[in-house]
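Q: got a predicted model here, sequence first, then my questions.
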Amino acid sequence: MEIEESSSAKLTIPEVVDAYSRLAPLYGIWETLTEGRTGKLASELASVRSGEAVLEVGVGPGIMLESLARANSEGIIAGIDLTPAMLQRTRRRFRHRSLASPALFQADVRFLPFADGSFDMVFSSYLLDLLSIPNIEKALQEMRRVIRPSGRLMLVYLSQDKPWFNRIWGFFYWMVPMLLGGCRPIHVAAHLPSAGFAVVATRRITQWGIPAELILANRES
């Protein structure tokens, strides 16, 4: 099945970098206020086990990467982001909390700088919903490539299931997509089997009126 979107992606990849460079100083506050419960549920659903190799794609200010690192103190933690400003904030976050620094890379999810089958889990939160459909498909191919056979994929994105939200968000998205980080509601779960994943669990949660869909899937051989 095809990926669904409430509206077409508005930002190019260079515009995404520009938007998140501007949003970086305040993004941690926004993430804590509007995504805190969602992140906690995603972390529980992911069930990272200590000793695993885990990659977060799109680390932002490092809030979720910190949670993954604490759950995986004896494993490998890596993260990528397109935006140097976000990577700097993640490094600062780990220093301030006296945590071992993860392996961080400035990289594009469409071209991951890792060998095939490098990770037990790939975690991606509010990233796919800012990409165009062709780029979502490419991102899923790359994430599948770096996941080990029977490894796991954890996705979080804006849910398309609430028409009233799609209309309100869509209006502001049409007016000022950069202010919304380029994200718009999408639906990816039905597409995952054709992308080489078996959906294990689906959750939906709304925080401060913002609906999210959480998907845990296994990489099929």
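A: Now that the structure is in, tell me what you want to look at. Residues are numbered from 1 along each chain as shown.

Q: show me the helices in this protein, by range?
A: Counting by DSSP state H, the chain has these helices, from start to end: 13-46, 63-71, 84-96, 133-146, 163-175.

Q: which stretch among these comes nearest F114?
A: helix 133-146 (4.7 Å; C-beta to C-beta). C-beta: built from backbone N, CA, C; applies to glycine.

Q: the closest one to helix 13-46, inter-axis angle?
A: Interaxial angle, helix 133-146 versus helix 13-46 (axes from the mean of the first three to the mean of the last three C-alpha atoms, to 10 degrees): 50 degrees.

Q: what comes up buried for helix 133-146?
A: Buried residues in helix 133-146, counted by 16 or more other C-beta atoms under 10 Å: 133, 135-140, 142-146.

Q: hey, which of the helices of the chain is tucked in deepest?
A: helix 63-71 (a mean of 21; mean count of other C-beta atoms under 10 Å).

Q: okay, the angle between that one and helix 13-46?
A: Helix 63-71 runs at 40 degrees relative to helix 13-46, counting by the same axes, to 10 degrees.

Q: got any ranges where the protein has weak pLDDT?
A: Along the chain, segments meeting pLDDT under 70 span 26-35.

Q: tell me how far the residue lying farthest from the centre of the chain lies from P61.
A: For the chain, the largest distance from the centre (C-alpha atoms, centre = their mean) belongs to S98, which lies 24.5 Å off. Note on S98: its distance to P61, by C-beta to C-beta, to the nearest Å, is 17 Å.

Q: cool, and L87?
A: For L87, the distance to P61 equals 10 Å [C-beta to C-beta].

Q: just R204 next, same as before
A: R204 sits 25 Å away from P61 when distances are taken as C-beta to C-beta.

Q: show me which of these two is the more surrounded one.
A: P61 (26 against 13; other C-beta atoms under 10 Å).

Q: that one contacts M86, correct?
A: Yes: the criterion here is C-beta atoms under 8 Å, and P61 meets it with M86 at 6.2 Å.

Q: what residues are up against the closest residue to R49 other than its chain neighbours?
A: Residue nearest to R49 in three dimensions, not counting chain neighbours: N72, with 7.3 Å by C-beta to C-beta, 6 or more residues apart in numbering. With contact set as C-beta atoms under 8 Å, 6 or more residues apart in numbering, N72 has these partners: 48-52, 54.
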